[in-house]
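Peer 1: Build me a structure from this.
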Amino acid sequence: MKIALLLSRIPYPLEKGDKLRAFHQLRVLSQKHEIHLICTHDAKIHPKAEEILKPYCTSIHIFPFSRIELGFHLVRNIFRTLPMQVGYFYSPSVRKRINKLLDEINPEVIYCQLIRTAEYVRNRKTPKVIDFQDVFSINVERRFKHAPFYVKPLLLLEYKRLKRYETEVFQYFSNSVIISEAERELLPFQEKNRVMISANGVDMEYFCAKESFKDIDLVFTGNMGYPPNIDAACYLADEILPEIRKEFPYTNLTLAGANPFYSVKNLQKDFITVTGWVEDIRGYYSRAKIFVAPMRMGTGLQNKLLEAMAMKTPCITTSLANVALGAKPGEEILIADTKEELVARILQLIQSDELRKTLSEAGYLFVKRNYSWEKEVEALEKALEKAIGQ
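Peer 2: Below is the predicted model of the structure:
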């Protein structure tokens, strides 16, 4: 197939979930198909990005936005009906350039990642597939519960716009995929069963267990500028860790990941490390005794859990995060939904070398059995082929 892959961000470096998913889908699809990569981008372009991506692409086309342009997009969108998630990445002039480019490429199918890219191809007759990945409207609804009162009116407006727009997008794409059955059930339209499942995978060769001195007691990783991760990091540091330190006073915590928000940066203490961007996140998984992801908002499959389990780090998370993951509570992962439960599960693991070992081995085997990029991209290929055949 000749595929035009349309992304809202360049899929490198892999510090965000959407970029990680896009990179591995691109990598695997390129083994059989001709890929033309088209990206908008909202940040400084990594100097090695094109070099890293070039082996997988027949052509690469990048449309970067300046800070001024992005600000203009947001102001303009106040007076439009598009969700902010979409309006932030949308430019009518870039749409014209992308459509001219698509005329030249003449792809058999257009594959769009996230509803952020949908406006660029809304009226094209070429078969097209949208990857919802997560249900953005539900993500915003969950953020609403924990947001300050002055932010809630904006989130409510965004929730209503997203719910309407997700339904619209489904209607004008030939086919669609999403990251899990649990996410599919959250879609705001009746024909949700027509959406195909293409989960994430994990690179088991890259994220492989290594013997290392365990000098980190608790670790949490992720993009620390993403609201659900900001909330989880602050919750872990401010409410959970103090209770753990009552029993084990020398317990330390590391928060590892790019773009830490100011509230995350302010968590830095003698016993709390906030790393910011790290070149190789594997070192933090291998040095940690326990991985804790106390997610209270957000949607989708948590790549951080796949990576930690692949590296045989015992994991604790919430039911919210495990819905998409599907690990067996108490056997492959520990689940805790309240502060008291999280404290109890962490203390349980701290005190039992045997339980940590058993849980880490079971988690590793679970990921190995269920999360292969090659298998998940096969499901995506079927969705693309189905769109062409319609």
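Peer 1: Sketch out the helices for the stretch 1-150 of the chain, chain order is fine.
Peer 2: 17-29, 49-53, 67-77, 84-87, 92-105, 136-146 (DSSP state H, counting those that start in this stretch).
Peer 1: any chance of those in JSON lines, with distance to residue 256 too?
Peer 2: C-beta: built from backbone N, CA, C; applies to glycine. Shown next, in JSON lines, are the helices of the stretch 1-150 of the chain (distance: least, Cβ to Cβ, whole Å):
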{"stretch": "helix 17-29", "distance to residue 256": "15"}
{"stretch": "helix 49-53", "distance to residue 256": "22"}
{"stretch": "helix 67-77", "distance to residue 256": "27"}
{"stretch": "helix 84-87", "distance to residue 256": "26"}
{"stretch": "helix 92-105", "distance to residue 256": "34"}
{"stretch": "helix 136-146", "distance to residue 256": "23"}
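Peer 1: Any idea which of these gets closest to residue 261?
Peer 2: helix 136-146 (13.6 Å; Cβ to Cβ).
Peer 1: Just the buried residues of the closest one, please?
Peer 2: 136-144 (16 or more other Cβ atoms under 10 Å).
Peer 1: Check which helices and strands that helix sits against.
Peer 2: helix 152-172, helix 227-235 (3 or more Cβ pairs under 8 Å, 6 or more residues apart in numbering; DSSP states H and E).
Peer 1: ok, back up a step: turn the buried residues of helix 136-146 into CSV, including pLDDT and distance to residue 289.
Peer 2: Putting the buried residues of helix 136-146 into CSV (pLDDT from 0 to 100; distance: Cβ to Cβ, whole Å) gives the following:
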residue, pLDDT, distance to residue 289
136, 94, 35
137, 94, 37
138, 92, 33
139, 91, 30
140, 93, 35
141, 92, 35
142, 89, 29
143, 88, 31
144, 89, 35
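Peer 1: Pick the one among these closest to residue 283.
Peer 2: residue 139 (29.7 Å).
Peer 1: any idea how far stretch 105-120 is from the chain center?
Peer 2: Stretch 105-120 has its C-alpha centroid displaced from the chain centroid by 19 Å (Cα atoms, centre = their mean, to the nearest Å).
Peer 1: Alpha carbons of it, in CSV - could you do that?
Peer 2: Taking C-alpha atoms only, stretch 105-120 is exported to CSV below (Å, rounded to 0.1, in the frame of the first residue of the first chain):
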residue,chain,number,x,y,z
ILE,A,105,1.6,11.7,-3.7
ASN,A,106,-1.7,10.2,-4.7
PRO,A,107,-1.8,7.7,-1.8
GLU,A,108,-4.1,4.6,-1.7
VAL,A,109,-5.1,5.4,1.8
ILE,A,110,-4.5,8.3,4.3
TYR,A,111,-3.9,7.3,7.9
CYS,A,112,-4.5,10.1,10.4
GLN,A,113,-3.4,9.8,14.0
LEU,A,114,-5.7,11.5,16.5
ILE,A,115,-8.6,13.8,15.8
ARG,A,116,-6.1,16.7,15.8
THR,A,117,-5.3,15.9,12.2
ALA,A,118,-8.8,15.2,10.9
GLU,A,119,-9.6,18.7,9.6
TYR,A,120,-6.8,18.5,7.1
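Peer 1: Quick check: the closest residue to residue 248 other than its chain neighbours vs residue 334, distance?
Peer 2: Closest residue in space to residue 248, ignoring its immediate chain neighbours: residue 350 at 6.0 Å, by Cβ to Cβ, 6 or more residues apart in numbering. Separation of residue 350 from residue 334 (Cβ to Cβ, to the nearest Å): 12 Å.
Peer 1: next one: residue 228
Peer 2: For residue 228, the distance to residue 334 - Cβ to Cβ - is 20 Å.
Peer 1: What residues sit buried inside stretch 194-210?
Peer 2: 195-204, 207, 209.
Peer 1: picking that back up, more neighbours: residue 350 and residue 334, which one.
Peer 2: Neighbour totals were compared for residue 350 and residue 334, and residue 334 leads with 25 against 18 (other Cβ atoms under 10 Å).
Peer 1: Surely residue 274 and residue 258 touch.
Peer 2: No. Residue 274 is beyond contact range of residue 258, at 11.3 Å (criterion: Cβ atoms under 8 Å).
Peer 1: shared neighbours of those two, anything?
Peer 2: residue 224 (Cβ atoms under 8 Å, 6 or more residues apart in numbering).
Peer 1: Which residues does the longest strand along the chain contact?
Peer 2: Criterion DSSP state E: the longest strand present in the chain is strand 34-41. The set of residues external to strand 34-41 that reach it, using Cβ under 8 Å, 6+ apart, is 1-11, 26, 29, 53, 56-65, 89, 91, 94, 98, 101-102, 105, 107, 117.
Peer 1: List only those of these flagged as buried.
Peer 2: The buried subset of these (16+ other Cβ under 10 Å) comprises 1, 3-11, 26, 29, 53, 56-57, 60-61, 63, 65, 89, 91, 94, 98, 102, 105, 107, 117.
Peer 1: mind listing which of those are in strands?
Peer 2: Among those, the members falling in strands (DSSP E) are 3-7, 60-61, 63.
Peer 1: As CSV, those residues with distance to residue 81 and pLDDT would be great.
Peer 2: Below are these laid out as CSV (distance: Cβ to Cβ, whole Å; pLDDT from 0 to 100):
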residue, distance to residue 81, pLDDT
3, 30, 98
4, 27, 98
5, 27, 98
6, 22, 98
7, 24, 98
60, 32, 98
61, 28, 98
63, 23, 98
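Peer 1: which of these lies closest to residue 345?
Peer 2: residue 7 (37.2 Å).
Peer 1: What distance do you get for the residue lying closest to the closest one once chain neighbours are set aside to residue 117?
Peer 2: Spatial nearest neighbour of residue 7, excluding adjacent residues (Cβ to Cβ, 6+ apart): residue 39 at 4.6 Å. Residue 39 is 9 Å from residue 117, where distance means Cβ to Cβ.
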